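J.: Sequence first, then the predicted structure, then my questions.
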Amino acid sequence: MLKYCLSAFVFLSVSVAAYGLEVADYPTYFNGPQQMRVTVLPLANEPGVLIQIKGVNHPIDQVVFRAEMQDRGQGIEAYRIQYDGVMRALLLKGNRWGSDYYQAFLPESGRDDIYLEAAENTAEFPDAAALVDRYESQQADGVQDSLARFNREKNEGIAQALVEEYDAEANGSCGQNVVTSIDWQQVDDEQLQSLNVGAYCGQVADEMARICDRMPEFSSDFSDVTSIQCHFGDELKLRKQDGTIRFYTTRDAPNQAEFISSFLRNF
C-alpha cells in the first residue's frame, strides 16, 4: 500500500459562475500512486465538490462527479457519490497531528487507503472552467447517471464467480464435482446491494472443503453430492435429497458456518 505525506492546504472558496454552476476559482490538485491524478473543485454555495480521478483502470476514470459532503465527526469529511445504487465515499479528508490528509477510494476495487499528496506540477490538470465543462458534457451524455444506477446483472455475476471459487476449493479438497446455484428470484436488489450474497451461498462448499482438509475420511461421505442450491429465506435450514443439498440462508442467523459444519459431519 502506497502512502504519501501530504502538506496542509485549504480549499479556496472564492466563487465564480461557470456554465450556471457556482464553483471556486481554483481547483486543488493531488497526485496518487503511479499515474493517478485527482482534481477537486469546491462548490461555492454548498458543502460539496466536483471530483475527477484520472489515470486509473476503473470505470470512474476521467469522469467528473458532483460529490456531497458528509461530516463524519472528529474532523473527518467524506465526499460521496452514488455508484452502482449505493452512496460511496470517493474522497476522504481527515486531520492527523494538526495536518490534513486526503484519501481516494475506487468503488469496488478493493483498494482502500489510497493516500494523496498535493501536486506541485499542475500543467496536466484541468482548470475550473475545463472541469465544469467536462462535468456538464458528461451529465448531458448520462455518464454519471449510468454509473449511479444499480447494475443487478453485474452484481449477480460477482456473486456467482465467488461461489464458483468456493466450489473449486471444495472439489479440490473432496475430490468431486459440486456446483452451487443461487435462487435469484428470492434475492432482491436490497439484499444484493447490502449482503455478500456469494459469501452467504458459498458457505456450504466452503465448509465441505474445510472438513475434507481436516478429516479426509469425510470425502467419501460427500461423494454423492453433486449440487448445492442456495435460497434466501426467513429461517436457516439444510436439507439433503439424493445428490442435492438445499441450503436456506438468512441475513441475521448466527453461527451459520457452525450450523453447516454440524450438518455435513452428520451425513
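T.: That came through, no problem. Numbers count the residues shown, from 1 in each chain.
J.: ok, which stretches of the chain are helices?
T.: Secondary structure of the chain (DSSP state H): helices located at 128-141, 143-148, 152-174, 189-194, 197-201, 203-214, 256-265.
J.: My read is that Gln160 contacts Ile182, right?
T.: Yes - assessed by Cβ atoms under 8 Å, Gln160 is found in contact with Ile182 at 6.7 Å. Using the backbone N, CA and C atoms, a C-beta is placed for each residue, glycine as well.
J.: and Ile182, how far is that from Glu68?
T.: From Ile182 over to Glu68 the distance is 34 Å, taken as Cβ to Cβ, to the nearest Å.
J.: how's the chain carved up into domains?
T.: 15-148, 152-265 (automatic domain parsing).
J.: Flag the shaky bits of the stretch 101-250 of the chain, pLDDT-wise.
T.: 110-112 (pLDDT under 70).
J.: go with 80
T.: The model of the stretch 101-250 of the chain has pLDDT under 80 over residues 109-113.
J.: Distance check, Leu224 against Ser261.
T.: Leu isn't right for residue 224; it's Asp. With Cβ to Cβ as the criterion, Asp224 and Ser261 are 19 Å apart.
J.: mind listing what's buried in stretch 105-116?
T.: Phe105, Leu106, Pro107, Ile114, Tyr115, Leu116 (16 or more other Cβ atoms under 10 Å).
J.: ok, Asp224 and Ser261, which is more surrounded?
T.: Ser261 (18 against 12; other Cβ atoms under 10 Å).
J.: The more buried one contacts Glu207, doesn't it?
T.: Yes - counting by Cβ under 8 Å, Ser261 touches Glu207, with 4.8 Å between them.
J.: Could you tell me which residues touch both of the two?
T.: Here Ser261 and Glu207 have no joint contacts, going by Cβ atoms under 8 Å, 6 or more residues apart in numbering.
J.: Spatially central residue for this structure, please.
T.: Centroid-nearest residue in the chain, with Cα atoms, centre = their mean: Glu108, separated by 2.8 Å.
J.: Wait, that residue touches Val86, no?
T.: No - contact between Glu108 and Val86 fails when scored by Cβ under 8 Å: they sit 9.6 Å apart.
J.: about what we covered before: give me the subset of the buried residues of stretch 105-116 lying in strands.
T.: Using DSSP state E, the members of the buried residues of stretch 105-116 that fall in strands are Ile114, Tyr115.
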